[in-house]
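>>> Just the structure for this:
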Amino acid sequence: MLSKNQLGFFYMFISVCAFSLMDVLVKWSDEYPVGEVLFFRGFFGIIPLLFLIPKNRYFDFYKTREKDRYKHSPSAKSYENKTAKKLVSLMEEFEAISENDHPYFMEKYPCTLTIEEIESIWSYIDEADDWSIFESKLEDIRFMAEAYKGESNA
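Below you'll find the predicted structure:
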């Protein structure tokens with residue numbers, strides 16, 4: 001039986017060989033358009049994945065089982081001591097805040113406060129003696145704080 005590292009190397013080697021062979025075939029024949037080559041690369045690249053994904057995970061492959069997620073992490077052994085088990089049991093009674101509860105999480109970009117933003121705000125204040133852009137930024141920060149506190153005005 002191969003170890004996970006050996007199996008990973010084997011899959012990587014097979015994929016490199018397959019793509020190299022496909023590359024050679026495409027370069028030998030000039031009559032294939034680029035779009036067709038890209039389509040078939042993607043299409044035939046998906047077929048091996050169907051054999052690699054366990055059948056019981058086809059439809060929930062990206063869903064995580066949050067409660068037991070720590071058991072499958074690389075640091076799972078560190079959760080086996082008494083202190084960690086007590087911490088996990090304390091955390092199980094809390095429910096995660098849904099990201100969709102607050103309108104802030106529906107916005108296209110998050111509220112940031114980079115040094116460039118601060119400098120542009122202060123240069124605008126210095127030039128125009130207008131504090132409205134500063135007040136607007138403070139309002140954005142308050143809106144974000146409401147979202148992370150779990151408060152909603154919507």
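>>> Pull out the buried residues from stretch 110-119.
Buried residues in stretch 110-119, counting neighbours by 16 or more other C-beta atoms under 10 Å, are found at residue 111. Using the backbone N, CA and C atoms, a C-beta is placed for each residue, glycine as well.
>>> Ends of it, what's the gap?
19 Å (C-alpha to C-alpha, to the nearest Å).
>>> Quick check: what element follows the worst-scoring helix or strand of the chain on mean pLDDT along the chain?
For the chain, the helix or strand with the lowest mean confidence is helix 34-52, at a mean of 77 (criterion: mean pLDDT, DSSP states H and E). With elements assigned by DSSP states H and E, the helix or strand that comes after helix 34-52 is helix 82-91.
>>> next SSE after that next one?
helix 115-128.
>>> tell me the angle of the helix or strand following that next one relative to helix 115-128?
Where DSSP H and E defines the elements, the next helix or strand beyond helix 115-128 is helix 132-149. Counting by axes from the mean of the first three to the mean of the last three C-alpha atoms, to 10 degrees, helix 132-149 lies at 150 degrees to helix 115-128.
>>> Extract the CA atoms of helix 132-149 and return them as CSV.
Backbone C-alpha positions of helix 132-149 (Å, rounded to 0.1, in the frame of the first residue of the first chain) are rendered in CSV as follows:
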residue,chain,number,x,y,z
SER,A,132,-17.4,64.7,5.6
ILE,A,133,-15.2,62.0,4.1
PHE,A,134,-13.8,61.3,7.6
GLU,A,135,-17.3,61.1,9.0
SER,A,136,-18.3,58.8,6.2
LYS,A,137,-15.4,56.5,6.9
LEU,A,138,-16.3,56.4,10.7
GLU,A,139,-19.9,55.5,9.7
ASP,A,140,-18.6,52.6,7.5
ILE,A,141,-16.5,51.4,10.5
ARG,A,142,-19.5,51.6,12.8
PHE,A,143,-21.6,49.7,10.3
MET,A,144,-19.0,46.9,10.2
ALA,A,145,-18.8,46.9,14.0
GLU,A,146,-22.5,46.3,14.2
ALA,A,147,-22.2,43.4,11.8
TYR,A,148,-19.5,41.7,13.8
LYS,A,149,-21.4,42.3,17.1
